[in-house]
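**Student:** have a look at this prediction, sequence included:
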Amino acid sequence: MGWRPDRRCGIPGSMATETTIRGRTLTAADIEFIREVVSKHWDEGRSFISRELCAQWGWVQPSGRPKEMACREVLRVLAERGEVVLPPGRAIGRQKGGPGKNIVRPTLGLSPRTIEGPLRGLFPLDIRMVRGTPQERLYRQLVEEHHYLGYRQIVGEHLKYVAFSGKRPLACIGWGAAAWKVAGRDEYIGWTAEARKRNLSLVGNNTRFLILPWVRVPHLASYLLGQQARVIAGDWEKVYGHPVVLLETFVDKERFKGTCYRAANWVCVGETKGRGKYDRQHDHTEPVKDMYVYPLRRDFRRLLTEQEEK
């Protein structure tokens, strides 16, 4: 049996007030309970601990699945703050010197032969939802190797797509949970704090959009965004038991102009203040980004501003 923390020992940085992580408010008693669960199940590992906490709390998605990834994020944040001590992670193939960057090895043997010409020359296009399929590995590999932000496992609800022409991948598109609070978007919707808290799950965030560097086809990016807008609400409902009615994304102003989003009729609603997606304490500084949104339904404002459950 490996070493485990004695929950009776003091934990540096122990909190005295409530804290909210991933929408879940935790008290000092909750933190003590988490320590007990970690101590009891130390040898089973982090995944088992997160599943056990979800079961004890009844913390599930609308589809009935445990909110395991959200719980893992809660544990990660608490560990970073020194509130809990977690057993060693069991991830394989992490990049040295690059936390959170999961590299899939060996490489997939993809030929970087240039793909160029008119968009119609790629038809028929096959845009596959690959989450939970063997091709999810392909998505991870391509994003890790070719997206400037690399690959990072999305916490919470998310979908992943790969676009193919024949057998050749062209692009990767990732979607995740919406940012907690962004002034431009919230004003565009007309959100109150209570309505945002209740209906945030109805907004999907385009977290990754990668056209592979050897693909040089005009209008491909805006075309793919248009095709995603046709299917993502239905796919989201199949996986999570509810649709999304508005899409959002953030574009790094120093790197991109947002041309493909504007061409696909997305609306720029302002810019960020250089804070991270879940940064409510102003702890992290990030590049200023333009924010774009795309309504999937004409009545999106009514659905997003509803105050009470039907």
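**Tutor:** It's in. Numbers count the residues shown, from 1 in each chain.
**Student:** when you work out contacts or count neighbours from here on, use the C-alpha atoms and nothing else.
**Tutor:** Will do.
**Student:** mind checking how far stretch 155-172 is from the chain centre?
**Tutor:** Centroid separation between stretch 155-172 and its chain, computed with C-alpha atoms, centre = their mean, to the nearest Å, is 15 Å.
**Student:** which parts of it are buried?
**Tutor:** The neighbour-count check on stretch 155-172 (16 or more other C-alpha atoms under 10 Å) flags 155-165, 169-172 as buried.
**Student:** send me that stretch as PDB with only the CA atoms.
**Tutor:** Extracted in PDB, the C-alpha atoms of stretch 155-172 (Å, rounded to 0.1, in the frame of the first residue of the first chain):
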ATOM      1  CA  VAL A 155     -13.500  19.700 -18.800                       C
ATOM      2  CA  GLY A 156     -17.300  19.200 -18.700                       C
ATOM      3  CA  GLU A 157     -19.500  18.800 -21.700                       C
ATOM      4  CA  HIS A 158     -17.700  18.800 -25.000                       C
ATOM      5  CA  LEU A 159     -17.700  17.400 -28.600                       C
ATOM      6  CA  LYS A 160     -14.900  16.800 -31.100                       C
ATOM      7  CA  TYR A 161     -15.100  16.700 -34.900                       C
ATOM      8  CA  VAL A 162     -12.700  15.900 -37.700                       C
ATOM      9  CA  ALA A 163     -13.400  16.900 -41.300                       C
ATOM     10  CA  PHE A 164     -12.300  14.500 -44.000                       C
ATOM     11  CA  SER A 165     -12.000  14.600 -47.800                       C
ATOM     12  CA  GLY A 166     -11.900  10.900 -48.700                       C
ATOM     13  CA  LYS A 167      -9.600   9.400 -46.100                       C
ATOM     14  CA  ARG A 168      -7.500  12.600 -45.600                       C
ATOM     15  CA  PRO A 169      -8.200  14.800 -42.600                       C
ATOM     16  CA  LEU A 170      -8.600  18.500 -43.300                       C
ATOM     17  CA  ALA A 171      -9.600  20.100 -40.000                       C
ATOM     18  CA  CYS A 172     -10.400  19.600 -36.300                       C
END
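**Student:** what's next to that stretch, contact-wise?
**Tutor:** Under the criterion C-alpha atoms under 8 Å, 6 or more residues apart in numbering, residues 67-70, 73, 122-131, 136, 139, 142-143, 173-177, 208-212, 215, 236, 240 lie in contact with stretch 155-172.
**Student:** average pLDDT for it?
**Tutor:** Per-region confidence: stretch 155-172 scores 92 on mean pLDDT.
**Student:** same question for stretch 298-310.
**Tutor:** For stretch 298-310, mean pLDDT is 82.
**Student:** what's stretch 182-198 in contact with?
**Tutor:** So stretch 182-198 is in contact with 269-272, 291, 293, 301, 304-307, going by C-alpha under 8 Å, 6+ apart.
**Student:** how about 10 Å then?
**Tutor:** When contacts are defined by C-alpha atoms under 10 Å, 6 or more residues apart in numbering, stretch 182-198 is touched by residues 23, 179-181, 199-200, 202-203, 246, 248, 267-273, 275, 277, 290-293, 295, 300-309.
**Student:** in strands only, show me these.
**Tutor:** 203, 246, 248, 267-271, 290-293, 295 (DSSP state E).
**Student:** just the buried subset of the contacts of stretch 155-172, please.
**Tutor:** 67-70, 73, 122, 125-127, 129-131, 139, 142-143, 173-177, 208-212, 215, 236, 240.
**Student:** now the one helix or strand Val38 maps to, how far from the chain's geometric center?
**Tutor:** Using DSSP states H and E, Val38 sits in helix 28-40. Distance, stretch centre to chain centre, for helix 28-40: 27 Å (C-alpha atoms, centre = their mean).
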